[in-house]
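Fold the stuff below for me.
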Amino acid sequence: GEHDYYLDNSRLQAPTAGLIFRRSRNVEDRDLSVESPTWGSTVIGRDLRDGWLKVGRHYLPMYVNGIPVLALQRYILDNSVLQAPTEGLLYRFTKQLEDRDMSQTTAHPRWGSTVVGSYVGDGWLRVGDRYLPMFVSDTPVLIPLWL
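Predicted structure coming up:
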């Protein structure tokens, strides 16, 4: 599925503003007609498992000169401010706080653990076919982990 990927220039140290979208899985097939993502930003894409990330109808190389430049965006479950008396967050079937997945067979994420997902807006993170709230009672509970 699709996930958030962080454009990481910490190891490559490229003097560029970011990565350039490609029209195909050919490093030379640059598409300069569209705005490309900058270092430190995130894109939503699907890992094609061949060194390329599919972002909409474009492609981004996951490695430059053998150095990884795209990393899965991870989020940590933070209960330090909310202080909820629970073991973690419950997944939701929809982007509604009340629509909890109460199934005993679902492994819900615990406070302090990390999840990988895609920020879908409106304060929600999509994790597979479920959702987690980024905020509970206006308190942030999912914090992006920057590499």
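
For the residue nearest to Leu97 when sequence neighbours are not counted, give me phi and psi.
In space, Leu97 comes closest to Pro133 once its chain neighbours are excluded; the distance is 6.1 Å by C-beta to C-beta, 6 or more residues apart in numbering. From N, CA and C alone the C-beta is placed, and that goes for glycine too. When read as degrees, to the nearest 10, the backbone of Pro133 gives phi -80, psi 140.

how much space is there between Leu142 and Ser80?
Leu142 sits 13 Å away from Ser80, going by C-beta to C-beta, to the nearest Å.

Can you pick out the residue with more neighbours from these two?
Comparing Leu142 with Ser80 by other C-beta atoms under 10 Å, the one with more neighbours is Leu142, at 23 against 11.

Would you mark the buried spots in the worst-scoring helix or strand of the chain on mean pLDDT?
Here the helix or strand of the chain ranked lowest by mean pLDDT, DSSP states H and E is strand 118-121, holding a mean of 84. Residues 118-119 are the ones in strand 118-121 that count as buried (16 or more other C-beta atoms under 10 Å).

same thing with stretch 129-147?
Going by neighbour count (16+ other C-beta under 10 Å), the buried part of stretch 129-147 is 130-134, 136, 141-142.

if we can go back for a sec, which residues does the residue nearest to Leu97 contact?
By C-beta atoms under 8 Å, 6 or more residues apart in numbering, the contact set of Pro133 is 89, 92, 97, 123-125, 141-142.

if we can go back for a sec, quick check, nearest of the buried residues of stretch 129-147 to Asn9?
Proximity of the buried residues of stretch 129-147 to Asn9 was ranked by C-beta to C-beta; the top entry is Leu142 with 24.4 Å.

picking that back up, on contacts alone, who are the packing partners of the least confident helix or strand of the chain?
strand 3-7, strand 124-127 (3 or more C-beta pairs under 8 Å, 6 or more residues apart in numbering; DSSP states H and E).

Turn the ones you listed into TSV, columns for mean pLDDT, mean neighbour count and distance to Asn26.
Formatted as TSV, those follow (pLDDT from 0 to 100; neighbours: other C-beta atoms under 10 Å; distance: least, C-beta to C-beta, whole Å):
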stretch	mean pLDDT	mean neighbour count	distance to Asn26
strand 3-7	91	21	20
strand 124-127	93	20	31
